[in-house]
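1. no sequence on this one, just coordinates:
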Ligand SMILES: Nc1ncnc2c1ncn2[C@@H]1O[C@H](COP(=O)(O)OP(=O)(O)O)[C@@H](O)[C@H]1O
Ligand SMILES: Cc1cn([C@H]2C[C@H](O)[C@@H](COP(=O)(O)OP(=O)(O)O)O2)c(=O)[nH]c1=O
């Protein structure tokens, strides 16, 4: 099963990924953790480019969208193989991040046509002000108005694609419990 956590910068994806992975492993299942952008040369290039002052320029954004699509294409064989062997793939982000952060829905869908759809997407919905407070504003993507736009796009995607939405404004343990309640029945596990 391919499970993905989505949400704006600072929503708690990395924190919850680790807790969820440990809980699933403690229940005796094998988990493969992935994240986007990856640690591949493409992913490292993306992270470098995100620091650029031009990160939000339209042309730059098109290049980033292509790089994000290329970066995730490298993951697809791994995800397919892990699913075939019955392992759980837990991902921090997916191609839905490109639909939320980059512009041109049809084009984004086209360049991501080889991206696998997660079997379960959990959106960590966080108030933008809290996200800004949690992030050091390390890259251009962490500006309040920009993040609020992204947050609203995620909520629209959630409605269109059946994401499970978790209130990420709560404490870490409460968010973790809410995520477990969603994942447990999908994996035939008890909480
Ligand atoms: N539920 C929470 N309440 C308060 N702070 C949190 C919560 N979840 C995560 N954090 C903190 O917010 C920051 C961003 O969390 P992180 O998991 O890295 O988010 P993301 O991966 O979505 O950017 C970290 O400093 C983390 O310790
Ligand atoms: C995967 C992906 C990430 N991003 C953005 C979201 C983040 O601002 C940035 C780096 O992702 P990430 O390291 O996950 O940031 P964070 O942990 O703060 O959420 O890249 C896109 O714009 N498009 C994408 O397709």
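-> Received, thanks. These numbers were taken from a predicted model, which means no experiment stands behind them. Numbers count the residues shown, from 1 in each chain. Ligands and ions are numbered 1, 2, ... in the order given.
2. going forward, measure contacts between C-alpha atoms and count neighbours the same way
-> Fine.
3. OK, contacts around residue 177?
-> By Cα atoms under 8 Å, 6 or more residues apart in numbering, no residues touch residue 177.
4. in what helix or strand does it lie?
-> Under the criterion of DSSP states H and E, residue 177 resides in helix 172-186.
5. and if you look at residue 117?
-> Judged by DSSP H and E, residue 117 forms part of no helix or strand.
6. same for the helix or strand of the chain with the lowest mean pLDDT, what does it pack against?
-> Between all helices and strands in the chain, the lowest mean by mean pLDDT, DSSP states H and E belongs to helix 128-134, at a mean of 90. Counting contacts by 3 or more Cα pairs under 8 Å, 6 or more residues apart in numbering; DSSP states H and E, helix 128-134 packs against helix 144-161.
7. Buried residues of the helix it packs on, list them for me.
-> 144, 147, 148, 150, 151, 154, 155, 157, 158 (16 or more other Cα atoms under 10 Å).
8. And for stretch 55-62?
-> Buried residues in stretch 55-62, counted by 16+ other Cα under 10 Å: 55, 56, 61, 62.
9. Stretch 67-79 now?
-> 67, 68, 69, 70, 71, 72, 73, 75, 79.
10. do the same with stretch 124-133
-> Within stretch 124-133, the residues that qualify as buried are 124, 125, 126, 127, 128, 131, 132, counting by 16+ other Cα under 10 Å.
11. The closest residue to the third one other than its chain neighbours and residue 72: what is the separation?
-> Just to be clear, that refers to residue 126. The spatial neighbour of residue 126 that comes closest, neighbours along the chain excluded (Cα to Cα, 6 or more residues apart in numbering), is residue 168 at 4.9 Å. Here the criterion is Cα to Cα, to the nearest Å. By it, residue 168 lies 25 Å from residue 72.
12. and what of residue 16?
-> Taking Cα to Cα, one finds residue 16 at 21 Å from residue 72.
13. quick revisit: would TSV of the buried residues of helix 144-161 with pLDDT and distance to residue 172 be doable?
-> Shown next, in TSV, are the buried residues of helix 144-161 (pLDDT from 0 to 100; distance: Cα to Cα, whole Å):
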residue	pLDDT	distance to residue 172
144	82	22
147	91	21
148	94	22
150	96	22
151	98	20
154	98	21
155	98	21
157	98	24
158	98	22
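14. Please tabulate the residues you listed in TSV, including the columns distance to residue 92.
-> TSV is the format used below for these (distance: Cα to Cα, whole Å):
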residue	distance to residue 92
144	22
147	18
148	20
150	16
151	16
154	15
155	17
157	17
158	16
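15. In contact with residue 119, which residues?
-> Residues in contact with residue 119 (Cα under 8 Å, 6+ apart) are 1, 2, 3.
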